[in-house]
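In: Using only what follows, build the 3D model:
(2 chains)
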Amino acid sequence: MKIHEFQAKEVLRRFGVPTLKGIVATTPEEARRAFADLGGPVAAVKAQIHAGGRGKAGGVRVVKSAADAEGFARQILGKPLVTPQTGPQGTVVRRVFVEQGCAIAREHYVGVTLDRTLSVPVMMACAEGGVEIEEIAKKSPEKILREAFDPLDGLRAFQARRLAFGLGLKGKTANSCASLLSALARAFRETDASIVEVNPLVITQSGDPLALDAKMAFEENGLARHPELEELRDLVEEDATETEARKTGLSYVKLDGTIGCLVNGAGLAMATLDVIRQHGAWPANFLDVGGGASKDQVMAAFKLLLGDPRVRAVLVNIFGGIMSCAVIAEGILAALREVSLKVPLVVRLEGNQVEEGRKLLAGSGLSVKTAASLDEGARLAVAAAGGGKG
Amino acid sequence: MPVLVDDDTKVLCQGITGKFGGLHARGCREYGTRLVGGVTPGRGGETAEGVPVYDTVSEAVRETGATATMIFVPPLGAADAILEAAAAGLKLIVAVTEGIPVLDMVRVKAALRGSPTRLVGPNCPGVITPGQCKIGIMPGYIHAPGPVGVVSRSGTLTYEAVWQLTQRKIGQSTCIGIGGDPVSGTSFVDALRLFQGDPATKAIVMIGEIGGRAEEDAAEVIRAEVKKPVVAFIAGAAAPPGRRMGHAGAVISGGSGAWKDKVDALRAAGAAISESPSRIGETMERVMRERGLLGGK
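Out: Have a look, this model is predicted:
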């Protein structure tokens, strides 16, 4: 789960990470007032959307008057901002964060995430800040400093100091930067974050380090013990269908194609997308109903697929392990009593209670194409959708 | 003994009084697994699924002589349940639970480092040696005893592969579901080494997916250590690249995790790649025939 910059800063401040004073505004007038309240003489007006790359995309501007703050807010609020991470349609800006200005002496990069190979979180720092860290990682990986967390103690104080000195900082500034890094590490662990990133971390001309930008995302499994963080979820930023799916306990990811898929198990769901691609079409979604879905969940899943106007054919691929094929069939039939089936339906059932499932579908009077294997199912679905294009 | 479990393995179920735990404890027992007890704190003295329930794992071990356990404890208590099982000296822990916070698993992984306990999972279907012992949630009937070791990050996709093998009359020595979580107990590398050292295993199916570096690490071990033929399928060729990966994650993996990198690495290491998930069985049959491993056919 991603959160906005202003929310991330709120969370980080609780752990002692210094940030500048800022005010959220949802209208141009509020932006004007925010500038006045901050007292000038300089402020930054920053679009608040979940995607990164806002600066280069024109979503951030340094302003020197309340009128300019209002003007820039009017220019971006309510309009889509397109960054390399939003996709071509962009994301509509609904809030701006008006933040005090500061005199910057240096900019650095710092980020924390899980290193899957080491099975521990790792803090990375780079003397060059405000740049694309992926670029640095590709071109000159030696410029990225890394410190692996102790699984029980987290980032130790000496490791934070090693990073601060490694960035080329000296004296009191290095020590306060080390404290900031320790606070970031604590925030990562205590919120079950998946990413904490401060880019740039700046050193002001008076030698104080602070988080000028901040990005945080939380690991979905860990959110179960942080109800206060769940409240930071911005549903408008998340895909409506994905949100609906999550509420019913389904795992759904929207894709760009025309074949709607309903599968049990993440690996099989991914493999089903692959087979659809091999038959020349694109899947409209990834949908895993999980191992122990109920009839109601299957029904909800099926209605999600049929509610997607891009879907030209539906492929159901179930290998019943714990999941009973009969439950799948019942769920599909229950959904079809409430919404009509306007696109071809291809069903491949295998495994637990497969005969019962097939019988239920065959006896329903619906025009269901059945497939004996995954390959056949994908072939039939692609043909039924009118082939590969679209 | 086959890999990890055999018909002598005595098994506990932690979380046996829950709906899911009870259901699968029963399933395992019906398959022929020697289920000897369950553990639910506060429910000691009761009976569930025909076996005694204990308050603690160490008491259950003392009373039953169990050496393995399967964990169905809910996510926020599961890490503790794993550590309790390890502290009680169990040799094999199969953690079926899905949804354990990653940082809990970071601690568990560190605590188990250097310990004689093997953890499989979490978020996995479990381990089965067909005809002998099933510890987990996989449907027993799709399996058959035989020479192929199967290791996989996915549940239902494993069933798909196993079913294809069984339909072609190719049985399995042991199937290990290592689970789909980013931090887990047993890796592909561990499983490949177990199969290489197992006389009952003549060939290996490996089912991976995009993300992380586990398949690349496996390729390195296949190249250097594994003499038995390996058939691999990697799911996720059609998944949109990097869609939900943030900056830092992309950096850590150093641009790896992509489908093509994994397939290229495995192919270069000598594994036969099944391009489609529906041709895993077919590919294994061809490879085994080429190697003279399918007696008479």
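In: Could you give the number of residues near residue B:30?
Out: Neighbours of residue B:30 under the rule other Cβ atoms under 10 Å in any protein chain shown: 12. Backbone N, C-alpha and C define where each C-beta goes, glycine included.
In: pLDDT weak spots in the stretch 1-150 of chain B?
Out: For the stretch 1-150 of chain B, applying pLDDT under 70 flags the ranges B:1.
In: Could you check which residue of it lies nearest chain A?
Out: Closest to chain A within the stretch 1-150 of chain B is residue B:110: 3.4 Å, counting by Cβ to the nearest Cβ.
In: name the element that residue belongs to?
Out: Taking DSSP states H and E as the definition, one finds residue B:110 inside helix B:102-112.
In: Give the buried residues for that helix.
Out: Of all the residues in helix B:102-112, those buried under the rule 16 or more other Cβ atoms under 10 Å in any protein chain shown are B:102-109, B:111-112.
In: I'd like the distance between the residue of the stretch 1-150 of chain B closest to chain A and residue B:79.
Out: Noted for residue B:110: a distance of 11 Å to residue B:79, by Cβ to Cβ, to the nearest Å.
In: For the stretch 101-250 of chain B, which segments are assigned as helices?
Out: Ranges of helices in the stretch 101-250 of chain B, per DSSP state H, counting those that start in this stretch, are B:102-112, B:156-167, B:188-196, B:214-224, B:247-252.
In: and the second one with chain A, contact?
Out: Right, helix B:156-167. Yes. Residues of helix B:156-167 contacting chain A under Cβ under 8 Å from any Cβ of the partner chain: B:156-160, B:163.
In: Tell me the residues of the stretch 101-250 of chain A that contact chain B?
Out: Near chain B, when you scan the stretch 101-250 of chain A using Cβ under 8 Å from any Cβ, you find A:111-117, A:119-122, A:124, A:133-134, A:137-138, A:141, A:144, A:149, A:151-152, A:189, A:192, A:194-197, A:199, A:215, A:217, A:219, A:221-222, A:224-225.
In: quick one: which of these sit in helices?
Out: A:133-134, A:137-138, A:189 (DSSP state H).
In: Now residue A:76: closest residue in space that isn't a chain neighbour?
Out: residue A:93 (4.9 Å; Cβ to Cβ, 6 or more residues apart in numbering or on different chains).
In: For chain B, give me its nearest residue in the stretch 251-390 of chain A.
Out: Counting by Cβ to the nearest Cβ, the stretch 251-390 of chain A gets nearest chain B through residue A:267, at 2.1 Å.
In: Quickly compare the helices of the stretch 101-250 of chain B and say which is most buried.
Out: Highest mean neighbour count among the helices of the stretch 101-250 of chain B (mean count of other Cβ atoms under 10 Å in any protein chain shown): helix B:156-167, with a mean of 25.
In: Let's check: the centremost residue of chain B is which one?
Out: Centrality entry for chain B: nearest residue to the mean C-alpha point is residue B:177, 2.2 Å, by Cα atoms, centre = their mean.
In: Provide a list of residues in contact with residue A:98.
Out: A:22-25, A:31, A:34-35, A:38, A:43-46, A:69, A:73 (Cβ atoms under 8 Å, 6 or more residues apart in numbering or on different chains).
In: which ones among these are found in helices?
Out: Those of the contacts of residue A:98 lying in helices (DSSP H): A:31, A:34-35, A:38, A:69, A:73.
In: Close to chain B as well: tell me which of those residues qualify.
Out: Counting by Cβ under 8 Å from any Cβ, no member of these is near chain B.
In: quick one: which two of the residues you listed are the most distant?
Out: Farthest-apart pair in those is A:38 and A:73; separation 13.7 Å (Cβ to Cβ).
In: So which of these two has more stuff around it?
Out: Of the pair residue A:38 and residue A:73, residue A:73 is the one with more neighbours under other Cβ under 10 Å, namely 28 against 20.
In: For burial, what's the neighbour tally of residue B:49?
Out: Counted with other Cβ under 10 Å, residue B:49 comes out at 21.
In: who touches it in this structure?
Out: B:13, B:16, B:22, B:25-26, B:29, B:35, B:38.
In: Now rank those residues by neighbours and give me the top one.
Out: When neighbours are taken as other Cβ under 10 Å, the top entry among the contacts of residue B:49 is residue B:13 (34 neighbours).
In: so that residue, which of the three states?
Out: strand (DSSP: H, G, I helix; E, B strand; the rest coil).
In: Which single residue in the stretch 101-250 of chain B comes nearest to chain A?
Out: Residue of the stretch 101-250 of chain B nearest chain A, by Cβ to the nearest Cβ: residue B:154 (2.1 Å).
In: Check the contact between that residue and residue B:180; I expect there is one.
Out: Yes. Using Cβ atoms under 8 Å, residue B:154 makes contact with residue B:180 at a distance of 6.3 Å.
In: ok, these two, which is more surrounded?
Out: Neighbours per residue, other Cβ under 10 Å: of residue B:154 and residue B:180, the larger number sits with residue B:154, 28 against 20.
In: Quick check, pLDDT for the more buried one.
Out: pLDDT recorded at residue B:154 is 86.
In: Nearest residue to it in space, please, no chain neighbours.
Out: Nearest non-adjacent residue to residue B:154 (Cβ to Cβ, 6+ apart): residue A:267, at 2.1 Å.
In: Show me what secondary structure element comes after the helix or strand where that neighbour lies.
Out: Residue A:267 belongs to helix A:266-278 when elements are defined using DSSP H and E. On the C-terminal side of helix A:266-278, the nearest following helix or strand under DSSP H and E is strand A:285-288.
In: Contacts only, for the closest residue to the residue of the stretch 1-150 of chain B closest to chain A other than its chain neighbours.
Out: Nearest in space to residue B:110, with sequence neighbours left out and distances taken as Cβ to Cβ, 6+ apart, is residue A:151 at 3.4 Å. Neighbour list for residue A:151: A:119-120, B:106-107, B:109-111 [criterion: Cβ under 8 Å, 6+ apart].
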